[in-house]
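Student: my questions are about this predicted structure, shown below with the sequence.
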Amino acid sequence: MRSFLGKIFRCDCPVTTALDVVGDKWTLVIIKQMLLEFKKTFKDFSESDESIAPNILSARLKNLEHFGFIKKTIHPYNKKTNIYILTKKGLSLTPIIISLATWTHENLKKSNHSFFDKDYSQINDKNNLQQEVIKIYEEKTSIDPYLTS
């Protein structure tokens, strides 16, 4: 085992190391919620359909901040509320989120068709879609006064 910034990695494999950081049940869900649903507070995440337990959510947010995927700022009008914002490193996970969505559509739709209300098969240019998703997130976070630090 290797240690880096207090985190234990199982080995030197880049895939395994990535999974050590973002491969748990909730981390990519939180990134997805921020990126696509514009969730930004603990309360936003807690009230989501995914129903993340508060202790798990707190641990995942701390881990994401520790590894530089998100930054935490204080809400300008409510000092008791933290605002979480994706960093450049966090936004770099956009291709993974998009790839998981399209892969799921192609491979698991028959297993869980009830949640598919969008047709991902029309996505021909993933790079363009990724850039558009990031652009919308950046525009949304720069316009929203609660998301500026």
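Tutor: Nice, I can see it.

Student: in the chain, which spans are helices?
Tutor: 14-22, 27-37, 42-46, 54-66, 88-91, 94-108, 126-143 (DSSP state H).

Student: find the residue at the geometric middle of this structure.
Tutor: residue 31 (0.5 Å; Cα atoms, centre = their mean).

Student: ok, the residue nearest to that residue when sequence neighbours are not counted - contacts?
Tutor: Leaving out its chain neighbours, the residue that sits closest to residue 31 by Cβ to Cβ, 6 or more residues apart in numbering is residue 93, at 5.3 Å. Every residue, glycine included, has its C-beta placed from N, CA and C. Residue 93 sits next to 22, 28, 31, 35, 69 when contact means Cβ atoms under 8 Å, 6 or more residues apart in numbering.

Student: okay, now the unreliable bits of the chain?
Tutor: 1-7, 112-124, 143-149 (pLDDT under 70).

Student: that older thread, got CSV for the helices of the chain, with distance to residue 81 too?
Tutor: Shown next, in CSV, are these (distance: least, Cβ to Cβ, whole Å):
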stretch, distance to residue 81
helix 14-22, 25
helix 27-37, 16
helix 42-46, 8
helix 54-66, 13
helix 88-91, 20
helix 94-108, 25
helix 126-143, 16
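
Student: burial-wise, tell me which of those comes out on top.
Tutor: helix 27-37 (a mean of 19; mean count of other Cβ atoms under 10 Å).

Student: quick check, distance from it to the centre of its chain.
Tutor: The chain centre lies 3 Å from the centre of helix 27-37; the measure is Cα atoms, centre = their mean, to the nearest Å.

Student: re earlier: between the helices of the chain, which gets nearest to residue 80?
Tutor: Among the helices of the chain, the nearest to residue 80 by Cβ to Cβ is helix 42-46 (10.3 Å).

Student: which of the contacts of residue 93 sit farthest apart?
Tutor: 22 and 35 (13.1 Å).

Student: which one of the contacts of residue 93 is nearest residue 133?
Tutor: residue 35 (6.5 Å).

Student: the closest one reaches residue 137, doesn't it?
Tutor: Yes. Counting by Cβ atoms under 8 Å, residue 35 does reach residue 137; the two are 5.5 Å apart.
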